[in-house]
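Undergrad: Turn this into a structure:
(4 chains)
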There are 2 protein chains.
Amino acid sequence: MTTEVKNAAPLFAALGDETRLALVSRLSRGGPASIATLAEGSDLTRQAIAKHLGVMEKARLIRRERRGRESVCRLDTQRLAQARKSLEAISRQWDASLARLKAFVEE
Amino acid sequence: MTTEVKNAAPLFAALGDETRLALVSRLSRGGPASIATLAEGSDLTRQAIAKHLGVMEKARLIRRERRGRESVCRLDTQRLAQARKSLEAISRQWDASLARLKAFVEE
DNA sequence: ATAAAGAGCAACTATTAGGTTGCATTTAGA
DNA sequence: TCTAAATGCAACCTAATAGTTGCTCTTTAT
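TA: Numbering: from 1, shown residues only, chains lettered A, B, ... in the order given. Got it, this is the predicted structure:
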């Protein structure tokens, strides 16, 4: 339960960067794309973007598939859903705590 | 919209650490607590915990209130809700993208 | 009045993260 | 076949992070 929440830390860490969040947004709006394509709009070098994608892949936020000479990245939406669920779990804990407090006060 | 998502980066970064996630969980289950109390269970020093609480406060994940000689920390649940909403926004983008693809294929 | 508890502040260290450049490798295409 | 595109890999730099210790200050409680 608590460990389950703790395990989400690398996932949140992967989301905790402007560049990476932008990539997530880009992939969610535009669908799968190659590294070079993703680097095109950015003011960072292609290698910097590749590093970020590496971090995201390690956190299993995206998956990469080699297609010929390019490697195309796609969002792992299940993983995003996991992040949502972790936050909801925390919210539930909070609500339960409020309920306990309420019960205590009314007693 | 995209900037709105980007602004969530520091928030996710604050959540992206095991120790801090544990603190969030602790605060959500047990309610507000002083720094010393929060540091008690940990194997880290009180100062380390205080630093983590500092970054959480800067990310507005928690608020601190001085009560006599101790400072009690409480979760900012609105901020947690913001994090949830950001993830949901991304999911919505994704769904919209899927819908566009579907429309394109069926046309 | 004094000792101990709780916090805050500062300095210091070690590791990690984000970014760069340069070069090698594989694949597409003219 | 030969060139240009897309990656991958490695070394390197700098700034930020996570952690420590030590000291001071304020507040509580005996």
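
Undergrad: what's the neighbour count on the residue in chain A that DNA strand C sits nearest to?
TA: Nearest residue of chain A to DNA strand C, counting by CB to the nearest atom of the strand: A:Gly68, 2.4 Å away. In this view, the C-beta of every residue, glycine as well, is placed from N, C-alpha and C. Applying the criterion other CB atoms under 10 Å in any protein chain shown, we find 7 residues in the vicinity of A:Gly68.

Undergrad: and it, what are its phi and psi?
TA: phi 60, psi -130 (degrees, to the nearest 10).

Undergrad: With A:Arg64 instead?
TA: phi -120, psi 140.

Undergrad: got the contact list for it?
TA: Taking CB atoms under 8 Å, 6 or more residues apart in numbering or on different chains, we find A:Arg64 in contact with A:53, A:57, A:71-73.

Undergrad: about what we covered before: give me the pLDDT for the residue of chain A closest to DNA strand C.
TA: pLDDT for A:Gly68: 96.

Undergrad: And it, how far from B:Thr3?
TA: 35 Å (CB to CB, to the nearest Å).

Undergrad: A:Ala99 too?
TA: From A:Ala99 to B:Thr3 the distance is 37 Å (CB to CB).

Undergrad: Quick check: the farthest pair among the contacts of A:Arg64?
TA: Of all pairs drawn from those, the greatest distance, 12.2 Å, lies between A:Glu57 and A:Val72 (CB to CB).

Undergrad: These two: who's more crowded?
TA: A:Val72 (18 against 15).
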